[in-house]
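> Let me see the structure of the following:
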Amino acid sequence: MIGGSGVYALEGLANLRSEAISSPFGEPSDSLLFGELAEQPLVFLPRHGRGHQLGPSSIDYRANIDAIKRSDATDLLSFSAVGSLREELPPGTFVIVDQFIDRTFARNKSFFGDGCVAHVSMADPTCKRLGDALEEALRGVGIPFVRGGTYLAMEGPQFSTRAESRLYRTWGCDVIGMTNMPEAKLAREAELCYASLAMVTDYDCWRSDDADVDVAEILATMKQNTAHAQAALAGVLPRLRDRPEACPHGCDRALEFAILTPPEARDPALVAKLDAVAGRVLWPRPTTAVRSNGEPAEGSES
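Numbers count the residues shown, from 1 in each chain. So this is what the prediction gives:
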């Protein structure tokens with residue numbers, strides 16, 4: 001789990017240990033907290049660091065996702081505070097996001113680049129299996145929520161102008177935040193199942209000419225949302241315990257045909273940094289053919 005604004009720690013974790021996991025892409029936001037909740041192993045990372053020390057543009061999203069991948073996590077739940085762009089999404093509502101529009105411009109958005117080029121599909125950027133589990137959990141704990149919505153990711157750290165806020169509404173956006181991009185893109189490149197739970201703290205400034213974003217209102221709603229986030233997490237974890245061997249939506253195979261640079265043309269330095277993110281496809285495990293009697297066929301390893 002990645003916790004956004006207001007979610008800097010988790011209650012009720014057992015068998016706790018904290019570990020600083022280094023990444024070749026930079027410094028993660030904080031140490032990763034390992035533990036168990038509802039008898040389910042869990043890794044937690046506060047996106048802004050404990051004490052909210054990092055602004056949205058200062059977060060090293062690549063380092064965060066790489067460290068999470070190195071922790072052997074398979075499913076990533078992202079909890080984020082957002083503003084509402086719809087009257088029917090009042091403060092306190094949770095939105096299970098399924099689409100994004102990325103308007104950020106000052107962030108590294110890919111693990112790949114010159115020397116090892118890859119293109120992954122982002123048509124459906126979140127995992128339906130995780131979305132289903134979140135929906136069931138939210139129904140079970142009685143938190144007001146909406147399934148499906150488009151998240152507009154802005155650079156920040158300033159909030160929108162009124163003109164921008166009204167423009168985003170015409171684009172069909174439902175909520176606005178500063179941190180789910182490039183996080184979702186990087187999670188896809190790392191072959192992690194990803195789901196975003198957006199927690200509405202306020203209406204963005206589109207509603208009237210005299211209604212600005214009120215930080216005091218945001219903080220008050222954030223406190224309530226944090227308690228609901230804890231309940232949602234406790235409710236969703238048991239539903240993720242019986243994880244299928246392969247994601248039915250292909251999230252864990254996103255790199256299957258994505259890397260276009262042939263092995264002989266790849267930059268060794270970049271490839272070395274991709275050991276956790278793309279090791280599955282860069283260095284596939286040998287496969288062994290077997291005879292009908294169950295014994296390995298001679299010379300079958302590849």
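> Spatially nearest residue to residue 130 (excluding sequence neighbours)?
Nearest non-adjacent residue to residue 130, counting by CB to CB, 6 or more residues apart in numbering: residue 195, 3.5 Å away. Just so you know, the C-beta spots here come from the backbone N, C-alpha and C atoms, and that holds for glycine as well.
> Report the contact partners of the one you found.
Counting by CB atoms under 8 Å, 6 or more residues apart in numbering, residue 195 makes contact with 75-78, 96, 126-127, 130-131, 133-134.
> in what helix or strand does it lie?
Using DSSP states H and E, residue 195 sits within strand 193-203.
> Repeat that for residue 79.
Assigned by DSSP H and E, residue 79 falls within strand 75-84.
> Please look at residue 64 and residue 4 and confirm they touch.
No. Residue 64 is beyond contact range of residue 4, at 11.9 Å (criterion: CB atoms under 8 Å).
> Figure out the helix or strand that residue 271 lives in.
Counting by DSSP H and E, residue 271 is part of helix 268-273.
> how far is that helix from where the chain is centred?
24 Å (CA atoms, centre = their mean, to the nearest Å).
> Check which helices and strands it sits against.
Contacting helix 268-273 under the criterion 3 or more CB pairs under 8 Å, 6 or more residues apart in numbering; DSSP states H and E is no other helix or strand.
> Give the buried residues for it.
Neighbour counts using 16 or more other CB atoms under 10 Å place 270-271, 273 of helix 268-273 among the buried residues.
> how about the strands in the chain?
In the chain, the segments counted as strands under DSSP state E are 2-3, 14-19, 32-37, 40-46, 75-84, 94-97, 99-102, 145-147, 150-153, 175-177, 193-203.
> CA atoms only for the last one - export them in PDB, please.
Provided in PDB are the C-alpha atoms of strand 193-203 (Å, rounded to 0.1, in the frame of the first residue of the first chain):
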ATOM      1  CA  CYS A 193      -1.400  -5.000 -10.200                       C
ATOM      2  CA  TYR A 194      -2.400  -1.500  -9.400                       C
ATOM      3  CA  ALA A 195      -5.600   0.100  -8.000                       C
ATOM      4  CA  SER A 196      -6.200   3.700  -6.900                       C
ATOM      5  CA  LEU A 197      -8.600   4.600  -4.100                       C
ATOM      6  CA  ALA A 198      -9.200   8.400  -4.300                       C
ATOM      7  CA  MET A 199     -10.500  10.000  -1.100                       C
ATOM      8  CA  VAL A 200     -12.400  13.200  -1.700                       C
ATOM      9  CA  THR A 201     -11.400  16.000   0.700                       C
ATOM     10  CA  ASP A 202     -13.100  19.000  -0.900                       C
ATOM     11  CA  TYR A 203     -14.700  20.400  -4.000                       C
END
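> pLDDT of stretch 24-40, averaged?
What stretch 24-40 shows for mean pLDDT is 93.
> Show me what counts as buried in that stretch.
Residues of stretch 24-40 classed as buried: 24-25, 28-35, 37-38 (neighbour count, 16+ other CB under 10 Å).
> do stretch 257-270 as well
Residues of stretch 257-270 classed as buried: 258-259, 261, 266, 270 (neighbour count, 16+ other CB under 10 Å).
> do stretch 50-69 as well
Neighbour-count burial for stretch 50-69 flags 54, 56, 59-69 (criterion: 16+ other CB under 10 Å).
> and if you look at stretch 271-284?
In stretch 271-284, counting by 16+ other CB under 10 Å, buried: 271, 273-274, 276-278, 281-282.
> Would you mind confirming that residue 232 makes contact with residue 138?
Yes. Using CB under 8 Å, residue 232 is in contact with residue 138, at 5.9 Å.
> Go through the buried residues of stretch 271-284 and name the one nearest residue 172.
Nearest to residue 172 among those, counting by CB to CB, is residue 277 at 31.6 Å.
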